[in-house]
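Engineer: My questions concern the predicted model and sequence given below.
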Amino acid sequence: DGAGTPEAFDAKLDARAGDVASATGDVVIRRDGATRRATLDLAGRIDRLAPKELAVLFADATRIEGQGHLGDDGDLKLDRLSLRASAFELTASGEAARDGRISANAALHGAVNAKGAAFRAKKLEGALRISGTRARPAADLSLEVEAAEGPAGRIGRIDLTAKATADGDLSDAAARIDIQ
């Protein structure tokens, strides 16, 4: 009747967009004590769906794997999420508590500079940290790119650090996000 919550759910994905893109994988949800544990494992070719400037980042296979759980108390935890593509890997984890507290971490690592690859960089590293509450979050970001090139052009060097902090509750229209 759709009124319950998923306790034992299995989904298989086999999606195709002609010769353009494909994705296959599994999504599983299982009851585990006072939580529902979810796992995700998807892989496919998605580069032809992206704009040309971004497609080179996703050349060949792209894979998304993740695991997390939703507590009966409303807490949400992402144990790990990994997006692996030909040019990079992005990993993340985080928590969102029922009381509004949040924390998350993400890391970006470039793939080894493959000779002849459509996109390559001597260095591609990034990090994001989010903390605070949903109503008043704060974030720290760093990005370092060195000698990157692809069909859209070339980047000599980017070395960026930024901090964003809400100066009040984001539900207040007068609240601002200060970026340094």
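Structural biologist: Ah, there it is. Residues are numbered from 1 along each chain as shown.
Engineer: helices or strands up against the helix or strand Leu81 falls within?
Structural biologist: Assigned by DSSP states H and E, Leu81 belongs to strand 76-84. Contact partners of strand 76-84 among helices and strands, from 3 or more CB pairs under 8 Å, 6 or more residues apart in numbering; DSSP states H and E: strand 62-71, strand 88-96. Glycine gets a C-beta too; all of them are placed from N, C-alpha and C.
Engineer: could I get those strands as JSON lines with distance to Ile155, mean pLDDT and mean neighbour count?
Structural biologist: Below are the helices and strands packed on strand 76-84 laid out as JSON lines (distance: least, CB to CB, whole Å; pLDDT from 0 to 100; neighbours: other CB atoms under 10 Å):
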{"stretch": "strand 62-71", "distance to Ile155": "22", "mean pLDDT": "95", "mean neighbour count": "17"}
{"stretch": "strand 88-96", "distance to Ile155": "14", "mean pLDDT": "96", "mean neighbour count": "17"}
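Engineer: Any chance of the ones you listed in CSV with distance to Ala138 as columns?
Structural biologist: As requested, the helices and strands packed on strand 76-84 are exported to CSV (distance: least, CB to CB, whole Å):
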stretch, distance to Ala138
strand 62-71, 22
strand 88-96, 14
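Engineer: and Leu143, which of those is closest to it?
Structural biologist: In terms of CB to CB, the element of these nearest to Leu143 is strand 88-96, at 11.8 Å.
Engineer: Just want the angle from that closest one to strand 76-84.
Structural biologist: Angle, strand 88-96 to strand 76-84, by axes from the mean of the first three to the mean of the last three CA atoms, to 10 degrees: 180 degrees.
Engineer: returning to that earlier point: just so I know, which of the helices and strands packed on strand 76-84 lies nearest Thr161?
Structural biologist: When the helices and strands packed on strand 76-84 are compared by CB to CB, strand 88-96 sits nearest Thr161, at 18.4 Å.
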